[in-house]
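Trainee: Build me a structure from this.
(one chain, ligands or ions: 2)
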Amino acid sequence: MTDQGESLGTIAKPVDGGDSDSVRGSRQRQSKRRMNLGFQRSLTRIWRRATRFLARSMPTGLFGRSLIIIIAPMLLLQAVVAFVFMERHWQSVTTRLSAAVVRDISGLVDIIETYPQDTEFETATRIARERFKLGIKILPLEDFPAPNPKPFFSILDTALSKQLAEQIDKPFWIDTLGDSAFLEIRIRLEERVLRVFVPRKQAYASNTHIFLLWMAGASVVLLTIAILFLRNQIRPIQRLADAAERFGKGHPIGEDFRPRGASEVRQATSAFLEMRNRIERALEQRTAMLAGVSHDLRTVLTRFRLQLALVPPSGEVDAMSGDVDDMQDMLQGYLDFARGDTGEEASDVNVVDVLNRFNDDARELGREYSVTFSGSPLAELRPTAFSRLMANLVLNAFRHAEKVEARGTHRRRNLVLEIHDNGPGIAQEQRAEVFKPFVRLDDARNQDESGTGLGLAIAQDIAHSHGGEIELDTSDLGGLLVRVKLPV
Ligand SMILES: Nc1ncnc2c1ncn2[C@@H]1O[C@H](COP(=O)(O)OP(=O)(O)OP(=O)(O)O)[C@@H](O)[C@H]1O
Ligand SMILES: [Mg+2]
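Mentor: Residues are numbered from 1 along each chain as shown. Ligands and ions are numbered 1, 2, ... in the order given. Model (predicted):
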């Protein structure tokens, strides 16, 4: 045993019986703990899965969720009420009614058995008919018909059987099936069989479904009212969300948009409108300030140019006037950048038309240029700003590459435009850099190209003001891929 114990030996070898018991105990405790742990883990897994399922199948909208908040307690309440009603009220009424009927029948049985000399049983029949409203017939002793299948919903069947067994204590047969107005009960007496027809209403609380109907009807009415009210409450929230979305994309917000609905929603709407005004004011201020600065600088530059014109011509003077020209271009570019596209209204723009406008430039510059597009070419955009965005990207590509492709898709509410080229591209680590104003790689590449380095900055600004974004990637043509994503 010891050998085996050692060879199995994951647990210390027991020295005597007591220790062996304690080892077994601790082993049992351990395995119990492990089982508990496993059980807990599977419980958490089930719980997590259930919550994930619930989260997935729950409606995501506020309207749906609010409806559930109303409907769920109502259903629960109805279920409880219906259950309690069925269970308690309906059952106890049926039991009492059956008890009364069976009491009447047992009275009749007594009469029949006490006065067997009344061979036609006229008295019993009369009493049954006039006093108890029961129809009876006395049959000769015979076997009962085959028992009926037990009905599925058998409150009446059960109650009657119980009362018959308790009060009369003789073999009986009942037929509660069908929706005839009568139930049939047969009881075997000493020498004959008593057949009783009981009006169904007498033994059974039969109008209970009306209560359920009332309950269902009332809840339908309540629900309709709740839906109508909820809709009205949720519409202002929906409007606010739409307005915020439109503002984010740079679309105009309707003139009639104003605070409505519950006070919290009004507060949010007012705050949103306030924020919009502040942003617009800040943009206007930025533009005005920059316009002022560049105007002042331009005045100085013009004076400079005049003074240069008065100096006798020389190489240095030419270089200086070249610099003055550059400065003027930069100022103009900066002003354009600062002005952005504020104030322009969005309208339906044919994106394919805009892209095809560069065919002439391509021909002039001797570039290979093609446009492919899938989906509807119409999108709600700010026309001038959008044309400028595309021009900056396509002309950049023309500057750096021989072959350029514009590919676009418009699916659901997403417009994606890609400008592919086969030029040198932009290295991964410089891709974030080139979006900054005045950043040019061409200087480093020793290319003698004029440019201010604002093209991509402006393009990004325009994309952002449409609620979209621009990203750079490597094209399958070998050069740069500029991808513009715009929600429209
Ligand atoms: N398609 C391209 N392929 C390779 N490099 C590019 C491409 N497009 C832009 N670049 C690089 O990114 C830099 C920034 O481009 P951006 O358009 O902002 O300025 P720019 O073209 O130099 O000047 P501007 O557009 O203001 O005339 C460019 O200097 C250029 O080196
Ligand atoms: Mg450019």
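
Trainee: Can you tell me the SS state at the residue in the stretch 1-150 of the chain that ligand 2 sits nearest to?
Mentor: Ligand 2 sits closest to residue 60 of the stretch 1-150 of the chain, with a gap of 42.3 Å, by C-beta to the ion. C-betas here are computed from N, CA, C, even on glycine. Secondary structure, DSSP: H, G, I helix; E, B strand; the rest coil: residue 60 is coil.

Trainee: Could you give the number of residues near it?
Mentor: 8 (other C-beta atoms under 10 Å).

Trainee: For it, grab phi and psi.
Mentor: Residue 60 adopts backbone torsions of phi -90, psi -20, taken as degrees, to the nearest 10.

Trainee: before we move on, what about residue 411?
Mentor: Per degrees, to the nearest 10, the backbone of residue 411 is at phi -130, psi 140.

Trainee: Contact partners for it?
Mentor: Contacts for residue 411 (C-beta atoms under 8 Å, 6 or more residues apart in numbering) come out as 374-375.

Trainee: Swap in 7 Å and give it another go.
Mentor: residue 375 (C-beta atoms under 7 Å, 6 or more residues apart in numbering).

Trainee: What's opposite it in the beta bridge?
Mentor: Beta-bridge partners recorded for residue 411 (DSSP bridges): residue 414.

Trainee: who does the lengthiest helix in the chain touch, helix- and strand-wise?
Mentor: Identified as the longest helix of the chain according to DSSP state H is helix 263-310. For helix 263-310, the packing partners by 3 or more C-beta pairs under 7 Å, 6 or more residues apart in numbering; DSSP states H and E come out as helix 208-248, helix 315-339.

Trainee: And the residue positioned nearest the centre of the chain, how far from residue 83?
Mentor: Centroid check for the chain by C-alpha atoms, centre = their mean gives residue 60 as the closest residue, at 2.6 Å. Distance, residue 60 to residue 83, using C-beta to C-beta, to the nearest Å: 32 Å.

Trainee: How much space separates residue 428 from ligand 2?
Mentor: Separation of residue 428 from ligand 2 (C-beta to the ion, to the nearest Å): 20 Å.

Trainee: since we're on that residue, how many residues are nearby?
Mentor: For residue 428, using other C-beta under 10 Å, the count is 10.

Trainee: who touches the residue of the stretch 1-150 of the chain closest to ligand 2 in this structure?
Mentor: Contacts of residue 60 (C-beta under 7 Å, 6+ apart): none.

Trainee: Can you list the strands that the helix or strand harbouring residue 471 pairs with?
Mentor: Assigned by DSSP states H and E, residue 471 belongs to strand 469-474. Paired strands of strand 469-474, with direction, are strand 480-487 (antiparallel) (DSSP bridges).

Trainee: Any chance you could give me the strand it pairs with in CSV, C-alpha atoms only?
Mentor: In CSV, the C-alpha atoms belonging to strand 480-487 read as follows (Å, rounded to 0.1, in the frame of the first residue of the first chain):
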residue,chain,number,x,y,z
LEU,A,480,-0.2,57.7,-52.2
LEU,A,481,-3.8,56.9,-51.4
VAL,A,482,-5.8,59.7,-49.9
ARG,A,483,-9.1,58.4,-48.5
VAL,A,484,-11.8,60.9,-47.7
LYS,A,485,-14.8,59.6,-45.7
LEU,A,486,-17.8,61.8,-45.4
PRO,A,487,-21.1,61.0,-43.7
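
Trainee: ok, and does that strand reach over to ligand 2?
Mentor: No: residues of strand 480-487 are not located near ligand 2 by C-beta under 5 Å from the ion, the shortest gap being 10.8 Å.

Trainee: what residues does that strand touch?
Mentor: Against strand 480-487 from outside (C-beta under 7 Å, 6+ apart): 249, 389, 393, 413-421, 423, 425-426, 463, 466-475.
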